[in-house]
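**Student:** Mind looking at a prediction? Sequence and model below.
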Amino acid sequence: MDALREGILEISRRLHQHPELGLEEYHARDLLVSRIEALGFEVTTPVAGLDTGFTARCAAGKPGPVIAFLAEYDALPDLGHACGHNVIAAGSFGAAAALREIVQETGGTILLVGTPDEEAFSERSKGGKVVMARAGVFDNVDAALMMHPTGGPHAVWRYTFPLKDFTVHFEGKPAHYTRPEEGINALEGLLLFLQTANALRRTWRPDVLFAYTITDGGGPSAITVPRSAEAHLTLKTFESNTLETVFQSLQACVKSVSELTGAQGTIRVLDAYQSTIPNLHLCESLYRNLRSLGTDVENPIQGRRNLARMRYPGISTDFGDVSWLVPAIHGYCSLGPQALVAHTPAFAEAAGGPPGDEAALLSARALALTALDLLADPAFSRAVQGEFAQYAEQTFLRVPGLPPDYLPFPKDIQEAFGPG
């Protein structure tokens, strides 16, 4: 890792200096591909129909776990790398590169997976990892690892919440306002839908977040019966089953309003992220390895308590979809104090400065050590797989620490973390 230091920092800094929006990260892709290809990795790009996605593979001559390090590298409009994805890409690159020789000894395969478009801010976006997951990119992966910059302490476990981001469009028939019977008012259909949806909110759990704005109000003229109208809506909850139940009620609402008014309503899902499923064995490994590197780390037991105290959902990410397919961990490396908030100019400055350098190097080391636990310890690797299989058999409804039940962590895991 010491030998890779300057290469890791170069990647982080160059990405920070050349921010690119989702699905447009050609400089980032080319930089990462050129650096990892030079180390002997076999590169495939595009991947899953994503021009700026890639996979880089280093396989040993003998069997073993397939470990994927996930690299994000898209930026934000006007803010650049205010979510620190330059740090993520550099850290994941460093971890993959550091293991390229070790994996020949242990057996197994190292993957660096370039996952574009995490922010999913445009109408073309679906979240890069969601697209890749559906395309089978992670089908033969035994574990997926990454670390994300944050304000506050280093952490190995923080829940991210299921999300649906969608539009509701009503199509009617234009007419002059003096002869409304000859038209079908799309705006009235949209307003009736929103009114009904707000009434339905009284039947939802209080932790459901529901927000909307009207993006097409029917046109500039009041003397024409509006032909079309549209709203952009976001729905977020604590757990996936509740999200689906609420979304189905909104689908039924659109159908009912269409039948009542004659304006034809349609829903178009822009983004749909699942919640994250933790793997506590991976959490224990990353927690231990971060502490061995001389850092303070938030106790995951405290993180679970913080989640149970929340009234409303927090952040969402397309990484959640990966965690439903394979054992996965989405750790956090600190850029500064708790008051440092992502998607702000201050966060962007930290990600491109000394705090970002330190975070990239730390995450590279910690991720590589956790991957080495999987590669070199078959019993640990089996425990990781067994934990995931147990959750999957129960359709991910009984996962320790997660809503709605917040089941306690197993005793051996609690002992590994110590008192929270």
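**Tutor:** Good, I have the coordinates. Remember, predicted model here, so these are calculated numbers, not experimental data.
**Student:** Give the burial count for the residue nearest to Glu105 when sequence neighbours are not counted, as a bare number.
**Tutor:** Leaving out its chain neighbours, the residue that sits closest to Glu105 by Cβ to Cβ, 6 or more residues apart in numbering is Ala60, at 7.9 Å. Bear in mind the C-beta positions are built from the backbone N, C-alpha and C, glycine included. Neighbour count of Ala60, defined by other Cβ atoms under 10 Å: 18.
**Student:** Now do Ala60 against Asp142, distance only.
**Tutor:** Applying Cβ to Cβ, to the nearest Å, the value for Ala60 to Asp142 is 14 Å.
**Student:** cool, and Ala3?
**Tutor:** From Ala3 to Asp142 the distance is 27 Å (Cβ to Cβ).
**Student:** So these two - more neighbours on which side?
**Tutor:** For Ala3 versus Asp142, neighbours defined as other Cβ under 10 Å are more numerous around Asp142 (20 against 8).
**Student:** Spit out the residues that contact Ala60 and Asp142 alike.
**Tutor:** The contact sets of Ala60 and Asp142 do not overlap (Cβ atoms under 8 Å, 6 or more residues apart in numbering).
**Student:** now the helices for the stretch 301-420 of the chain?
**Tutor:** With DSSP state H, counting those that start in this stretch as the criterion, the stretch 301-420 of the chain has helices at 319-323, 345-351, 354-376, 378-393, 411-417.
**Student:** Make JSON lines out of the ones you listed and add distance to Pro46, mean neighbour count and mean pLDDT.
**Tutor:** Shown next, in JSON lines, are those (distance: least, Cβ to Cβ, whole Å; neighbours: other Cβ atoms under 10 Å; pLDDT from 0 to 100):
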{"stretch": "helix 319-323", "distance to Pro46": "19", "mean neighbour count": "25", "mean pLDDT": "97"}
{"stretch": "helix 345-351", "distance to Pro46": "27", "mean neighbour count": "21", "mean pLDDT": "98"}
{"stretch": "helix 354-376", "distance to Pro46": "25", "mean neighbour count": "23", "mean pLDDT": "98"}
{"stretch": "helix 378-393", "distance to Pro46": "29", "mean neighbour count": "16", "mean pLDDT": "98"}
{"stretch": "helix 411-417", "distance to Pro46": "39", "mean neighbour count": "15", "mean pLDDT": "93"}
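**Student:** Surely the residue nearest to Glu105 is in contact with Thr106?
**Tutor:** Yes - taking contacts as Cβ atoms under 8 Å, Ala60 lies within contact range of Thr106: 7.1 Å.
**Student:** For Thr215, give me its contacts.
**Tutor:** 167, 230-232.
**Student:** ChimeraX command for the buried members of these?
**Tutor:** Remark: buried members of those, expressed as a ChimeraX selection using 16 or more other Cβ atoms under 10 Å:
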select :167,230,231,232
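**Student:** what about the helices in the protein?
**Tutor:** Ranges of helices within the chain are 5-17, 26-37, 85-98, 102-106, 128-134, 186-200, 240-261, 280-292, 300-309, 319-323, 345-351, 354-376, 378-393, 411-417, based on DSSP state H.
**Student:** out of the ones you listed, nearest to His148?
**Tutor:** Nearest to His148 among those is helix 85-98 (5.9 Å), distances taken as Cβ to Cβ.
**Student:** what residues are up against the residue nearest the centre of the chain?
**Tutor:** In the chain, the residue lying closest to the centroid (Cα atoms, centre = their mean) is Thr317, at 2.2 Å. The contact partners of Thr317, by Cβ under 8 Å, 6+ apart, come to 118, 148, 160, 273, 276, 330.
**Student:** got it, and Leu325?
**Tutor:** By Cβ under 8 Å, 6+ apart, the contact set of Leu325 is 133, 138-139, 141.
**Student:** so can I have CSV of those residues showing distance to Ala38?
**Tutor:** Shown next, in CSV, are these (distance: Cβ to Cβ, whole Å):
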residue, distance to Ala38
Ala133, 29
Phe138, 25
Asp139, 28
Val141, 24
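**Student:** right, and the pair among those with maximum separation?
**Tutor:** Greatest spacing in these, by Cβ to Cβ: Ala133 and Val141 (10.3 Å).
**Student:** quick one on the thing from earlier: looking at the contacts of Leu325, which one is closest to Arg179?
**Tutor:** Looking across the contacts of Leu325 and measuring by Cβ to Cβ, the closest to Arg179 is Ala133, at 51.4 Å.
**Student:** so how many other residues sit close to that closest one?
**Tutor:** 25.
**Student:** Contact partners for it?
**Tutor:** Taking Cβ under 8 Å, 6+ apart as the contact definition, Ala133 lies against 321-322, 324-325.
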